[in-house]
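A.B. asks: I need the structure of the sequence given here:
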Amino acid sequence: MTIFDSFLLAQLDVFIPVSGLALMILFCFELSISLRLLMRRQPALIPVEIRRDEQPSSARRRNDYD
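C.D. replies: Just a heads-up that it's a prediction; the model follows:
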């Protein structure tokens with residue numbers, strides 16, 4: 001094993017656990033934000049009343065400009 005190989009293995013011994021830990025922290029952070037947003041979310045299906053005017057929209061537009 002050359003000195004380059006031993007240096008590379010030493011770098012990987014540090015890099016792999018640190019990157020794994022960083023990914024786990026990022027995953028937990030994203031999960032906590034997603035759960036907070038889901039808990040605050042408004043119900044998706046809220047009944048909405050639709051009002052219909054007796055005048056058609058074209059008649060309203062003509063009357064507004066006069």
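A.B. asks: any idea whether the one residue sitting closest to the centre of the chain is helix, strand or coil?
C.D. replies: Here the mean C-alpha position of the chain is nearest to the C-alpha of Ser34 (C-alpha atoms, centre = their mean), at a distance of 7.2 Å. Secondary structure for Ser34, judged by DSSP: H, G, I helix; E, B strand; the rest coil, is helix.
A.B. asks: do you know how far Leu9 is from Phe15?
C.D. replies: 11 Å (C-beta to C-beta, to the nearest Å). Yep, even glycine has a C-beta here, placed from its N, CA and C like the rest.
A.B. asks: Also Met24?
C.D. replies: Distance from Met24 to Phe15, by C-beta to C-beta: 15 Å.
A.B. asks: Likewise for Phe7?
C.D. replies: For Phe7 relative to Phe15 (C-beta to C-beta), the value is 12 Å.
A.B. asks: repeat for Val48
C.D. replies: Distance, Val48 to Phe15, by C-beta to C-beta: 54 Å.
A.B. asks: Same check on Leu35?
C.D. replies: From Leu35 over to Phe15 (counting by C-beta to C-beta), the distance is 30 Å.
A.B. asks: And Glu54, by the same measure?
C.D. replies: 72 Å.
A.B. asks: chain center to stretch 17-25: distance?
C.D. replies: Between the centre of stretch 17-25 and the centre of its host chain there is 21 Å, according to C-alpha atoms, centre = their mean, to the nearest Å.
A.B. asks: Since that was my last question, I'll sign off now.
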